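Visitor: Predicted model follows, preceded by the sequence.
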Amino acid sequence: MTHSIIIGGTKGLGRVVTRQMAARGDVVSVIGKTELSAEDLKIGKIHSYKADINNNDATRSILDDLVRENGKVNYCVFLQRYRGKGDDWMGEFQTTLTATKNIIEHLEPQFSETGDKGLVMVSSVFSQYVGEGQAVSYHVAKAGLDQMMRYYALNLGANKIRVNGISTFTFLKDESKEFYLKNKPLIKLYESIVPLKRMGTTEDSANVISFLCS
């Protein structure tokens, strides 16, 4: 049985990734600040764990529990997002970088000895480009996440653990779809700059993540 861990899998893209992996038959362990809805839990073998990933001791304890309950790890996807206000430099770095590093290093010896194994880190185009609407801390943290991906790709490869990242742009998700669809000028702007002539969706990115975790 394949065991996938989703960090930040209760809303937006994380929720879609959780549903996709459960639908394909994975045992899915989801860690988030909130728990999954009863509707989501019905899709497959999904287990929801509520935690603040910036509390390292508590997170390590939950990771040990979910490995003991659901089996050794095959895949882990990092989708957590800092939701503080303003340019909180330390808060952004703690959530995006420190928590990711701590979880990877705690999970490394708990990956399955057999079968396919991989990590996926979800970054942003703002790791390479400067855009409005996001603070400098967000830009720099995402750039750091890209380099962390490269570091672990090199250092975990010998253990047959693949490490990849994806860089997302603005996409339609359940929580914001109504806003974008009502804003015709904004939709037209995205259609003019995106080669496919449409905004991306959570399913587009989730499909890539599912592929990298296979």
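Guide: In hand now; what should we look at? Residues are numbered from 1 along each chain as shown.
Visitor: Tell me the helix or strand right after the helix or strand of the chain with the lowest mean pLDDT.
Guide: Across the helices and strands of the chain, mean pLDDT, DSSP states H and E gives its lowest value to strand 171-172, namely a mean of 72. For strand 171-172, the following helix or strand on the C-terminal side (DSSP states H and E) is helix 177-182.
Visitor: Next, the buried residues of that following helix.
Guide: Of all the residues in helix 177-182, those buried under the rule 16 or more other C-beta atoms under 10 Å are Y180. To be clear about C-beta, it is placed using only N, CA and C from the backbone, and glycine gets the same treatment.
Visitor: now that helix, how far from the centre of its chain.
Guide: 23 Å (C-alpha atoms, centre = their mean, to the nearest Å).
Visitor: tell me the mean pLDDT for that helix?
Guide: Averaging pLDDT along helix 177-182 gives 78.
Visitor: ok, now stretch 130-147?
Guide: Rounded mean pLDDT across stretch 130-147 is 93.
Visitor: pLDDT at the spatially most central residue of the chain, what is it?
Guide: Compute the mean C-alpha point of the chain, and by C-alpha atoms, centre = their mean the closest residue is L79, 1.9 Å away. Note on L79: pLDDT of 96.
Visitor: and it, what is it in contact with?
Guide: 6-9, 12-14, 17, 122 (C-beta atoms under 8 Å, 6 or more residues apart in numbering).
Visitor: let's go with 10 Å and repeat that
Guide: 6-18, 30, 32, 120-122, 168, 205-206, 209 (C-beta atoms under 10 Å, 6 or more residues apart in numbering).
Visitor: Could you measure from it over to K160?
Guide: Per C-beta to C-beta, to the nearest Å, L79 is found 23 Å from K160.
Visitor: With R150 instead?
Guide: From R150 to K160 the distance is 18 Å (C-beta to C-beta).
Visitor: more neighbours, these two?
Guide: Per other C-beta atoms under 10 Å, whichever of R150 and K160 has more neighbours is K160, with 14 against 11.
Visitor: which residue packs closest to the more buried one, ignoring adjacent ones?
Guide: K117 (5.9 Å; C-beta to C-beta, 6 or more residues apart in numbering).
Visitor: P185 in helix, strand or coil?
Guide: helix (DSSP: H, G, I helix; E, B strand; the rest coil).
Visitor: Local confidence estimate at it?
Guide: P185 is given a pLDDT of 87.
Visitor: what does the one 4 residues further on give?
Guide: In this model, L189 is scored at 87, pLDDT.
Visitor: Show me the shaky parts of the chain.
Guide: For the chain, residues meeting the criterion pLDDT under 70 lie at 86, 172.
Visitor: Let's see that with 80 instead.
Guide: The model of the chain has pLDDT under 80 over residues 85-87, 170-181.
Visitor: for the longest helix seen in the chain, packing partners?
Guide: Ranked by number of residues, the top helix in the chain under DSSP state H is helix 136-156. Packing contacts for helix 136-156, counted by 3 or more C-beta pairs under 10 Å, 6 or more residues apart in numbering; DSSP states H and E, involve strand 75-78, helix 89-93, helix 99-107, strand 118-124, strand 162-168.
Visitor: Buried residues, it. List them.
Guide: 137-142, 144-146, 148-149, 152-153, 156.
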